[in-house]
Each structure stands twice: as C-alpha cells, then as structure tokens.
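Student: after the sequence you'll find the predicted model.
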Amino acid sequence: MQRRIAVIDKEKCNPIACGDFLCIRMCPLNRAGKEAIVKGPDGKAQINEDIATDACQVCVNICPFGAIHMVKLPDKLTQRPIHRFGKDSFILFNLPVPMPGKVVGILGRNGIGKSTALKILSGVLKPNLGDPEKPGDINDLIKMFKGTEMQKFLEKVKAGDIKVAYKPQAVDLIAKQAQGKVKDLLAKVDQKGKKEEIIKLLEMENILDRDVKDLSGGEMQRLAIAATYLKDANFYFFDEPASFLDITSRMKVAKLIRSLAEENNNTILVVEHDLATLDYISDELQILYGEAAVYGIVSQTKPIRRGINEYLDGFLPDDNIRFRNYKIIFNKGIEKDTKQAILFEWPELEKKFPAFHMKVNAGTIRKGDVLTITGSNGLGKTTFLKMLAGLIKPDKGILTSKVKIAYKPQDLQAESGTVKEWLDRVAKGQDSGWFKQNILEKLNLQAIINNNISMLSGGELQKVYIAITLSLKADVYAFDEPSAFIDVEDRLKIAEVIQDFMIKNETCAIVVDHDVQFLEYVGDAMLVFKGIPGKEGTVIGPLSKKDGMNEVLKMLNVTYRMDKETGRPRINKPGSQLDIEQKKTNKYYYT
Ligand code: SF4
C-alpha cells in the first residue's frame, strides 16, 4: 500500500495567530471524539499520522499558514528512511554518497533535506532511521550501508576522522554576524597557509582592508568560499557557491572547488541551481526530490550530464520514479512582436567619478521587452540604472525623458510583518485578480501569504521581493540578481512571470544576472559590461542574446555548446576539440 505521511511545519504553526488551534477545533475526526490533531508538548499542533486521513484534508486547507501537509510517498520508493525529527516531522530517505577525490553535485528543490544530510554526514546529527522514538545511533546507519562506499565514510565519521568545512547558502547572514576586516578573518582561518594564493586567485586584494559587514553579496561569497577552502578539512560542502558571483568568478570558483578534490583525495559535495556551473564543477550527481518541509529522497548516483538531463525530464529511470509531472525545456522563449513601439531610448552616456569612469552606447528598449545585463561586477551596472532613473546626472549625454524605475535590489532585507501586510502596504491600486493569478499563484506565494517575512527562506524572500517590485507603478522594472537562492523550477517561473508582466502591461524590464540559462530564457536583448572592475567600464549593446553571450564568453575565453537532448547550455572543456573549433570560428556560444 502506498504510504502516506502527515507533517506539521512547526516553524509555520502559530496557534495564537490562527485563533487558538483552528485545526484542532475544526477537524471532523476530533469532533467525532478522536485525537487526530492535538496540542503537542512544544505548544504547537501535533498530528497523529495513524488517525488523520488524507481523504479529509480539512486541516490542510484550513490552516492560514500552510503549516499542515498530508502527502503520499512515491509508490515505487525503494530508499530507506534515514532520519525523522519527530512523529509528524520531515523525513529524509537515503543520503548523498561522498566520493573521495570527486566532486559530487546535489541538485534539487530547496527545503528537502540537504542540511539534514550534511548534519548526518558530518556526525552532528545521529540518525534514527525514521523512528523518532528511538535514540539516533550511527552504528545502525553503518549496518544499513554495509559493503558500500558509504559504510567506509561513516566508519570515518564514527572515528572522528572526518573534518568538515562548510560554506553556507546564506552568505548575507555571515556579514551580519562576522566582525573585523577581511584580511584578519582570512588570517584567522588560514589553516593551510595558502591565503596569499587564494586572495590572488579570487581577486580579493582590494577588499582586504574592508570590514566584513560592508561587503557586497559577490564579495561576501568570495570571502566565504576562500575561508572554506583555507580550512584544513577532508570533507568540503559548498551550498550554492555561485550566487552573487559574475560569470568570471563562477568559473574561477568552479576550478578552485575541483582542485580541492584532487588535493589529498578530499570529498566534496556541492549544491547548486546554476546548471551550467554545477555541470562544470561536478563529476557525479545525486538528485534530491520530494516535497519541501515534508520529505526528501536522495536518488542513486549518476554521471553529471545524464543526471542533469534526468532532472530536467522529471523522471529517474534507475529508480523508475517520476518526481515532477512536467519536463523543464529550455529555448522555448515567447515569440515576441518585434514591431512593438520603442518605450524609451538613451543617448551615448558617460560618467566620471574620482576612481571610476564609464561609457555606455546609445540604445533603446521596446515595450514588452526584457533587456538582460551581464559582465563582471564593479563595472557600473547600478550607475547605469541610476542614470536612466535620473538619480545620477551623466557628464555626457542628455536624457530627454526620465523613466520611472521600480528596482529590486541584490541585497534583500526582511521587512516587518507578514507577506500580505507588506503587499497591502505597497501594492494598492493593482489589478488584484490578474496579480494574484499570474504572480502570487505562479510564484507559489499564496501558500506563504500569512507568514511572517522574517521567517521566510532566502528563496521565498527573493520571490516576495520580485512580486513587490512588480506591484509598483513604473516604466521600467529592474531586477538585480533575481535568481539568487532560487531553485531551477522557480528560476523558470520567475522568467515567465517577468516576461508575461511586461507584455501585458506594455512596460519593459532590465535583468542583471549571471546564470546563463536564466538569461537565455528571460531575455530578448543583452547589454554586455566590459572593463576593469572598480576602474573603468564600457558597455556594448543592446545586442541579440546570442551575440551578447558570444561577447561575454569571448572575454572569458570560454566556449559553450548546447546539450542535444535538452537544449541546455554546457561549458566545453578547455582545449577540447569543440572548444578549439568554436574559438577558431568565433562561435563562443553554441555551434
Ligand atoms: Fe493553527 Fe495551523 Fe498551527 Fe493548526 S497548524 S494550530 S491551524 S497555525
């Protein structure tokens, strides 16, 4: 029989705000004298999985915070439960298999068990094999994986021989907690004596004297990666190392992480949603699928290309499991009306600051279009937007019309109150029916509409910011790194939401991002920033997407090909036959 599980997300459960245990009071089984949902010892609702029935679902639908889940597990599930936190809590099935000397990529949606897996693999959490009444014991896990690579790894965990270095996903939180200058922090963590080397490689020379709390997202990411690399460990876990980094830095970080695997046969796990980067970094892949906050299942290990393609397909042939009822397909952009009127145009612009000088070609944006911007950080992308908005006066070039820009910043600050309260404060006068259906529902924000903003995950906060930006009245909607903390499925949804909004409202968008796949999907034209970061920037374009990507990749001396099965971009191995041929014919992006 197909197994069903019931889970209460304790972080979301708020019995005072829902009006004193609404689910307990309204549950038909409770009313009939049973105890399907009760008040738990932690003061939150507690569901009794054996009594509650999924045919009813009253509690699931009635909870204003979407805290109750009742779902069926896949009927062909062969993986074994590894850990369950409580009787009605999240369950993890199987574990990622660390492989000495290799980089294992992990691909999956947010909230389905990667931090639980990390805690078990690093010995911090003792697994209870899915029985929360039993004390956790690593020996049970060792027995379960007898005769496998995993057994060898777990024996080392037990003996205390695994030294972990962890780069967390939310690098912005490090900035809030850490104190002091970058150079002092690096000196403190440098257990390998390689700090000079890493500073040079990640181009951190000009931030060494800065306070950690003043760093930008990209600078903070490089510092977190450098600090992780410098630890004398043998198990390195990088959670979303590409966020906030420009394409150049992504490539450098990818090479650095790969070099760690070769050093002393280290074990490396990398979680990443930028598929081109994940593909380039990893040797093998394990897919993590399931339902956020309810259950997570780790698939068998696969070669990286096949693994990513199966993920996009939503079907795992080795396990005979369909985990998504649709395929993710790239290169299916909306056919745009190229005769649309120009919404605004800018002349050639120039701006000089004491230490920085930038020049931008004249350009236009049509109604309904999305202009993407890419290139290294520190070349003046924000200055360009501010010049368009009339906030910075150019030294050369007169803007005849000032445009109203709604701007989603890169750095996200959690507002006070709930998502609904924030939307009500700023989104007045919007066509609420269309907005609800095409933005809130598509981004899955209805499920968290009553949740407190301070409790949202990085990905949820990013989506709320995007919805808030689109709720403002403007001519141009500018998004700085909208893909940060967002998983593959939601990246495509965000791209579709932005495109649909611009077409319906006859406005236009500017999107700054560094995920090649996302840029390809969301954009109609591209501006490429070139130059020396922090010193001088020139801007080429607007170019077609293809010409724009060609310019960027030429700058990086990297070539991309298209995966024949899925149409996704893949980075060519430097010096490979394709790499040499594409460079010769000046086709850096696809053939
Ligand atoms: Fe209230 Fe929802 Fe918690 Fe039940 S699960 S007590 S309805 S917040």
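Tutor: Thanks, I have it. Numbers count the residues shown, from 1 in each chain.
Student: grab the nearest non-local neighbour of the residue in the stretch 351-500 of the chain that the ligand sits nearest to.
Tutor: Nearest residue of the stretch 351-500 of the chain to the ligand: residue 450, at 9.2 Å (CB to the nearest ligand atom). (Each C-beta comes from the backbone N, C-alpha and C, glycine too.) For residue 450, ignoring the flanking residues on the chain, the nearest one in space by CB to CB, 6 or more residues apart in numbering is residue 64 at 4.8 Å.
Student: now the least confident helix or strand in the chain by mean pLDDT: buried residues?
Tutor: One helix or strand of the chain scores below all others by mean pLDDT, DSSP states H and E: helix 171-177, with a mean of 76. Of all the residues in helix 171-177, those buried under the rule 16 or more other CB atoms under 10 Å are 171-172, 174-175.
Student: with stretch 564-571 instead?
Tutor: 566, 568-571.
Student: swap in stretch 409-420?
Tutor: Using 16+ other CB under 10 Å as the test for burial, stretch 409-420 gives 410, 412, 415, 418-420.
Student: filter these down to just the ones in helices.
Tutor: 419-420 (DSSP state H).
Student: just send the buried residues of stretch 409-420 back as TSV, with distance to the ligand and pLDDT too.
Tutor: Formatted as TSV, the buried residues of stretch 409-420 follow (distance: CB to the nearest ligand atom, whole Å; pLDDT from 0 to 100):
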residue	distance to the ligand	pLDDT
410	33	83
412	25	84
415	21	80
418	13	90
419	15	90
420	15	88
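Student: and the strands in the stretch 201-350 of the chain?
Tutor: Along the stretch 201-350 of the chain, counting by DSSP state E, counting those that start in this stretch, strands occupy 235-239, 267-271, 284-291, 295-298, 302-303, 315-316, 321-322, 342-346, 349-352.
Student: export the ones you listed to TSV and tack on distance to residue 35, mean pLDDT and mean neighbour count?
Tutor: Formatted as TSV, the strands of the stretch 201-350 of the chain follow (distance: least, CB to CB, whole Å; pLDDT from 0 to 100; neighbours: other CB atoms under 10 Å):
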stretch	distance to residue 35	mean pLDDT	mean neighbour count
strand 235-239	39	94	24
strand 267-271	39	95	25
strand 284-291	25	94	22
strand 295-298	24	95	25
strand 302-303	44	95	16
strand 315-316	38	94	18
strand 321-322	34	91	16
strand 342-346	61	87	16
strand 349-352	68	93	18
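Student: in a markdown table, list these along with distance to residue 482.
Tutor: Formatted as a markdown table, the strands of the stretch 201-350 of the chain follow (distance: least, CB to CB, whole Å):
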| stretch | distance to residue 482 |
| --- | --- |
| strand 235-239 | 19 |
| strand 267-271 | 19 |
| strand 284-291 | 23 |
| strand 295-298 | 25 |
| strand 302-303 | 29 |
| strand 315-316 | 28 |
| strand 321-322 | 29 |
| strand 342-346 | 20 |
| strand 349-352 | 24 |
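Student: residues near the nearest residue to residue 149 once chain neighbours are set aside, how many?
Tutor: Excluding its sequence neighbours, the residue lying closest to residue 149 (CB to CB, 6+ apart) is residue 97, at 5.8 Å. Neighbour count for residue 97, taken as other CB atoms under 10 Å: 20.
Student: residue 69 too?
Tutor: The tally of other residues near residue 69 (other CB under 10 Å) stands at 21.
Student: and what of residue 107?
Tutor: 26.
Student: so it belongs to a strand, correct?
Tutor: Yes. Per DSSP: H, G, I helix; E, B strand; the rest coil, residue 107 lies within a strand segment.
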